[in-house]
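> Prediction below, plus the sequence it came from.
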Amino acid sequence: MTTIDKKGKPKIYTESDQILNDLKDELVNLRSRMNSIEEEQEQNRAIIERLSLHEELANEMIVTHQEEIKQNKENFQIIADVMQNLKSPVSEVMDNLSGVLSEIDDKETQETLRDCLNTASNVLDSFDEVEDFCLSMGSSQTTPQKMVVIREFFRDILSKLQSKSDSGTNFSFSLLIDRNVPEKSPLHTTTLNTCLTNLINELQQISQSCKITVTVSTEDSGKKYGIDILDLSIKISCEIPTSLEWEDSWVHSIRNNQKQLMESGFNLLKVRDILKKSGGYLNIISKNKKIQGFAFRVPLTY
């Protein structure tokens, strides 16, 4: 191949010249690629620094959370000890009243003493419930997750509850699982088993014989660090609302219904505390302010 240069002299392009031109073009491309790689490295370095910061903050939060749990357990243990100490004088009062009652013939006085004995007995029972609750909360541990087939997991729990129901009550159970719920997932099986069983028992305690439906679904809980967070949602409801009224305040509602609730309401408080430690929460399902069931959620993504 020949061309005419500025002086009008012919110049011959050899194969080596062509190779050199190709190499020059390749070098330009390599330099461009190197610049892109350096830019990507800078971006990756910034991402790593952010992730390191998130990891550091997460570790600090975990340590703080663990310390808070430890302090709460210690507080529960202290309250349990206080309840134990308070039970002794009440028991002594009951013993003294029983002795006096056996020595008095006056019927009116005897009736008054029996009322005092009943009051003291109720106080002692309340102390026992508080002590048991505090001991349970003070010794509870966060359970590890376990990979399970979700449908089989819930079906097994309801089958066991149904077998107990068949022996003494007229409750029946049905299970509804949304199609968006994954077939398998790691779950806090001990936590879910305890909460589901306790809430169903609670609903049986306060409702008439009826059909109880357990509905399992997933709920979007937003996005964190670019990851879509999902919760496992479990609803337990009966066909007919109960006679118990539920207000917005847990304190007032448990106080007003403690005679009908299991363990004077401590059962619900234990379930709520267990769910909170697992990153979940408990709500009351009501219709016209009458309790119809319970709903709780636990993290599913991790």
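Cool, the structure landed.

> hey, where'd the helices end up in the stretch 1-150 of the chain?
Applying DSSP state H, counting those that start in this stretch to the stretch 1-150 of the chain gives helices spanning 15-103, 107-139, 150-168.

> Present these as CSV; the columns should include mean neighbour count.
C-beta: built from backbone N, CA, C; applies to glycine. Listed next are the helices of the stretch 1-150 of the chain as CSV, based on neighbours: other Cβ atoms under 10 Å:
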stretch, mean neighbour count
helix 15-103, 11
helix 107-139, 15
helix 150-168, 14
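
> so where's the stretch 101-250 of the chain uncertain?
135-144, 166-169, 209, 222-228 (pLDDT under 70).

> a markdown table for the helices of the stretch 1-150 of the chain, including distance to Asp220?
Shown next, in a markdown table, are the helices of the stretch 1-150 of the chain (distance: least, Cβ to Cβ, whole Å):
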| stretch | distance to Asp220 |
| --- | --- |
| helix 15-103 | 21 |
| helix 107-139 | 31 |
| helix 150-168 | 18 |
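
> The host helix or strand of Ile236: partners in the sheet, and parallel or antiparallel?
Assessed by DSSP states H and E, Ile236 sits inside strand 227-238. The pairing partners recorded for strand 227-238 under DSSP bridges are strand 211-224 (antiparallel), strand 290-299 (antiparallel).

> How many residues are close by Gln205?
Gln205 has 14 neighbours, counted by other Cβ atoms under 10 Å.

> Could you do Ser233 as well?
Quick note: Ser233 (other Cβ under 10 Å) scores 19 neighbours.

> For it, give the beta-bridge partners.
For Ser233, the beta-bridge partners are Ser217, Arg297 (DSSP bridges).

> So Ile234 versus Leu117, what's the distance?
44 Å (Cβ to Cβ, to the nearest Å).

> Buried deepest among the strands paired with strand 227-238, which one?
Of all those, strand 290-299 carries the top mean neighbour count, a mean of 20, counting by mean count of other Cβ atoms under 10 Å.

> Put the alpha carbons of it into PDB.
What follows is strand 290-299 as a C-alpha-only set of coordinates in PDB (Å, rounded to 0.1, in the frame of the first residue of the first chain):
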ATOM      1  CA  LYS A 290     -64.600  -7.100  71.400                       C
ATOM      2  CA  ILE A 291     -61.600  -9.400  71.100                       C
ATOM      3  CA  GLN A 292     -61.800 -11.700  68.100                       C
ATOM      4  CA  GLY A 293     -58.200 -12.900  68.000                       C
ATOM      5  CA  PHE A 294     -54.500 -12.000  67.900                       C
ATOM      6  CA  ALA A 295     -52.000 -11.100  65.200                       C
ATOM      7  CA  PHE A 296     -48.300 -11.100  65.400                       C
ATOM      8  CA  ARG A 297     -45.300 -10.700  63.100                       C
ATOM      9  CA  VAL A 298     -41.700 -11.900  63.200                       C
ATOM     10  CA  PRO A 299     -38.800 -11.200  60.800                       C
END
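
> Show me how far that strand is from its chain's centre.
12 Å (Cα atoms, centre = their mean, to the nearest Å).

> what does that strand rub up against?
Defining contact as Cβ atoms under 8 Å, 6 or more residues apart in numbering, one finds that strand 290-299 is touched by 187-188, 191-192, 195, 199, 202-203, 206, 212, 219, 221, 229-238, 241-246, 271, 275, 278-286.

> contacting residues around Lys289?
Counted by Cβ under 8 Å, 6+ apart, Lys289 has contacts Glu245, Trp246, Glu247.

> any idea which of the residues you listed has the most stuff around it?
Trp246 (19 neighbours).

> So Leu176 is in contact with Ile212, correct?
No. Using Cβ atoms under 8 Å, Leu176 makes no contact with Ile212, being 11.6 Å away.

> just so I know, which of the strands paired with strand 227-238 lies nearest Glu103?
Proximity to Glu103, assessed across the strands paired with strand 227-238 by Cβ to Cβ, is greatest for strand 290-299 (47.5 Å).

> could you give the mean pLDDT of the closest one?
Mean pLDDT, strand 290-299: 91.

> on that earlier part again, narrow the contacts of Lys289 to those in strands?
Among those, none falls in strands (DSSP state E).

> Rebuild these as TSV, extending it with distance to Glu129.
Formatted as TSV, the contacts of Lys289 follow (distance: Cβ to Cβ, whole Å):
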residue	distance to Glu129
Glu245	22
Trp246	21
Glu247	22
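
> mind putting the strands paired with strand 227-238 in CSV, distance to Thr109 included?
What follows is the strands paired with strand 227-238, written out as CSV (distance: least, Cβ to Cβ, whole Å):
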stretch, distance to Thr109
strand 211-224, 49
strand 290-299, 43
